[in-house]
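J.: kindly generate the corresponding structure for this input.
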Amino acid sequence: MSTASDARFWDRISRRYANDAIADQGGYERTLERTRALLRPDDHVLELGCGTGSTALRLAGDVRRYLATDLSAGMIAIAREKLSASPVPALAFEVATADDSIRETGCFNAVLGFNYLHLIRDVPGTLRRVHGLLAPGGLFITKTACLGDMNPLLSLALPGMRLIGKAPYVSVFRQAELRERVSAAGFEVLAVENHASRGNDRRPFILARKGSPR
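T.: Residues are numbered from 1 along each chain as shown. The predicted model follows:
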């Protein structure tokens, strides 16, 4: 299995994904509100793993430039359809990952990754790359599933689901591990929050600021 196979998985389900309802709308709105309060009108923002662009379309009007990326061409095609229907001058969508196609090192004021890090094969390497993409003092804002803190049966089932094409690659880690990895990549962790409006959400919202790598 490879990044290319991950892209094919998301391409295959992109239309169905676009039609799925947000499981916790209240929690999602709280994350958007919190993130919007951190962004400034002159900011250059990069979103990784933007999916079909719903979050980018909500946030891009508040900043100078917003580049939203995803490894799935199918997801980006849908995002561009949405953008065509509701233009936002500051927003552009691109098929890319943190590692392969984004060359603008050190120029972003904020990098966002929502429901993203647990889908990455090399989390420490990606976090180092995010650190490099940020300008000095730039913010990394993420909210992602910590499957190590969830039902262990889910983690056991994932390899079989991937084998039959029912799941993409998924990294399993705990919240404490994720926080340590963010710190190890050179970030100062400023906040770890729970934005869930119902249930026992295991997707911490983490706000971190670029510092010096350890």
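J.: strands of the chain, residue ranges please.
T.: Taking DSSP state E, the strands of the chain run over residues 44-48, 65-70, 91-95, 108-114, 134-143, 187-193, 205-210.
J.: please name every helix or strand in contact with the fourth one.
T.: The reference is to strand 108-114. helix 25-38, strand 44-48, helix 54-59, helix 123-133, strand 134-143 (3 or more C-beta pairs under 8 Å, 6 or more residues apart in numbering; DSSP states H and E). Every C-beta, even on glycine, is put in place using the N, C-alpha and C of the backbone.
J.: pick the most buried one from those.
T.: strand 44-48 (a mean of 24; mean count of other C-beta atoms under 10 Å).
J.: strand partners of that one, parallel vs antiparallel please.
T.: strand 65-70 (parallel), strand 108-114 (parallel) (DSSP bridges).
J.: so where is the protein shaky, pLDDT-wise?
T.: For the chain, the stretches flagged by pLDDT under 70 are 1, 100-104, 151-167, 212-214.
J.: need the residues that contact the longest helix along it.
T.: In the chain, assigned by DSSP state H, the helix with the most residues is helix 3-19. Identification of contacts with helix 3-19 by C-beta atoms under 8 Å, 6 or more residues apart in numbering yields 51-52, 70-75, 77-78, 97, 119, 121, 165, 167-169.
J.: which of those residues count as buried?
T.: Neighbour-count burial (16 or more other C-beta atoms under 10 Å) applied to the contacts of helix 3-19 gives 51-52, 70-72, 74-75, 78, 97, 119, 168-169.
J.: on that earlier part again, now the strands of the chain as TSV including distance to Glu33?
T.: Listed next are the strands of the chain as TSV, based on distance: least, C-beta to C-beta, whole Å:
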stretch	distance to Glu33
strand 44-48	16
strand 65-70	17
strand 91-95	19
strand 108-114	13
strand 134-143	12
strand 187-193	12
strand 205-210	11
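J.: so Glu59 is in contact with Leu32, correct?
T.: Actually, residue 59 is Leu rather than Glu. Yes - at 6.9 Å, Leu59 counts as touching Leu32 under the criterion of C-beta atoms under 8 Å.
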